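Visitor: Fold the stuff below for me.
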Amino acid sequence: MSFAATALLLTRGITVRTHRGLIATFCSEFIRTGVIDPEFGRAFRIAEELREEVDYSISRILSAEEVLVVIDDAEQFLEEIKERYGDRSLPLSGKSRVLARRMQPSPRYARPDCLDKRDCSIEST
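Guide: Numbering: from 1, shown residues only. So this is what the prediction gives:
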């Protein structure tokens with residue numbers, strides 16, 4: 001959800017530095033103006049709150065139900081954006097184009113194939 005929101009903000013030349021700033025700016029630019037359904041703003045905030053709880057609490061563990069709800073919300077969020085903007089590249093100009101290139105994920109941090117499996121042990125090569 002964060003990457004999709006960031007991409008939409010980049011189309012307007014807007015960058016943010018924090019997760020909270022991302023949500024606040026996304027909501028003011030796309031939710032309050034009626035471009036994106038307000039339900040997705042709420043879903044984005046809930047996902048962010050859960051992320052913060054898990055990242056910064058020593059004992060918070062998400063239940064399977066919470067995870068499934070967030071995944072479902074994220075999929076619907078992305079579908080809403082695709083319906084609005086299609087499966088095309090969004091126009092970027094100047095500074096936004098440079099920032100978008102910098103945001104490309106590093107292969108070093110690629111998602112491991114084992115995320116959907118129970119055993120995610122690291123194999124040495």
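Visitor: Other residues contacting the top helix by length along the chain?
Guide: Using DSSP state H, we find that the single longest helix of the chain is helix 64-85. Contact with helix 64-85 is made by 1, 4, 8, 35-37, 40, 43-44, 46-47, 50, 62, as judged by C-beta atoms under 8 Å, 6 or more residues apart in numbering. Heads up, the C-betas are built off the backbone N, CA and C, glycines and all.
Visitor: nearest to I23, of those?
Guide: F44 (5.9 Å; C-beta to C-beta).
Visitor: so where does the closest one fall, helix or strand?
Guide: helix 38-56 (DSSP states H and E).
Visitor: Same check on I23?
Guide: helix 19-26.
Visitor: how about low-confidence regions in the protein?
Guide: Where the chain drops to pLDDT under 70, the residues are 87-125.
Visitor: quick one on the thing from earlier: can you pick out the most distant pair from the contacts of helix 64-85?
Guide: V35 and L62 (29.8 Å).
Visitor: If you count neighbours, what's buried in stretch 21-31?
Guide: Using 16 or more other C-beta atoms under 10 Å as the test for burial, stretch 21-31 gives 22-23, 25-27, 29-31.
Visitor: Oh, that last question was meant for stretch 45-54, not what I typed.
Guide: Residues 45, 47-48, 50 are the ones in stretch 45-54 that count as buried (16+ other C-beta under 10 Å).
Visitor: Perfect, I'm done here.
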